[in-house]
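Chemist: Using only what follows, build the 3D model:
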Amino acid sequence: MVEIDKVAESIIQKYKGDSTLTDALTGLYLHQAPQDATLPYGIFYFNGITTDEIMGGADSNVIDVAIQFSLFDDSDDGCSNMAALITYLTTTFDWTDLVMDGWNCVKFSRENVMPLTFTDEVWQAVIDYSLWMQKE
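Modeler: Take a look at the predicted model:
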């Protein structure tokens, strides 16, 4: 089965390795931001995991991990900053190669960017990704 901790660590490593994204966000967190997090920040979580069986044994299966990023920002600039944050995130993660011990990253692709929402004076952008991984 997929080792979610390795996926999460790889996402955080990719985030920390991109100075444009780390300069733009105060942090990227798994599942939820700390209570004292300052905007703008991002979170990511796992929406589901499926297995696609292909020829060969169980180790040949492709694991599809649905990952969702949410970006939060309170800038009052007509969403210019949010648009930049989305660009920085997608530039960092679109078709990147996540490094995970014991696993090959087959693809990490953006599935969609959902419409922006505005709640309690905070903008939210949601970006969905699909990670295909396979045992080495």
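Chemist: Each with direction, which strands does the helix or strand harbouring residue 131 pair with?
Modeler: Assigned by DSSP states H and E, residue 131 falls within strand 122-135. Note on strand 122-135: by DSSP bridges, its sheet partners are strand 62-73 (antiparallel), strand 103-113 (antiparallel), strand 117-119 (antiparallel).
Chemist: mind listing what's buried in the following helix or strand past the longest one?
Modeler: So that's strand 62-73. Downstream of strand 62-73, the first helix or strand assigned by DSSP H and E is helix 80-93. Neighbour counts over helix 80-93 (16 or more other C-beta atoms under 10 Å) mark 81-82, 84-86, 88-89, 92-93 as buried. No exception for glycine: its C-beta is placed from N, CA and C like everyone else's.
Chemist: which other helices and strands contact helix 80-93?
Modeler: Other elements packing on helix 80-93 under the criterion 3 or more C-beta pairs under 8 Å, 6 or more residues apart in numbering; DSSP states H and E are helix 4-16, helix 19-24, strand 62-73, strand 103-113, strand 122-135.
Chemist: and the angle from that helix to strand 62-73?
Modeler: 160 degrees (axes from the mean of the first three to the mean of the last three C-alpha atoms, to 10 degrees).
Chemist: Outside of helix 80-93 itself, list whatever touches it.
Modeler: Here helix 80-93 makes contact (C-beta atoms under 8 Å, 6 or more residues apart in numbering) with 11, 14-15, 18, 20-21, 24-25, 40, 42, 69, 71, 73, 75, 108, 110, 113, 116, 123, 125, 127, 129.
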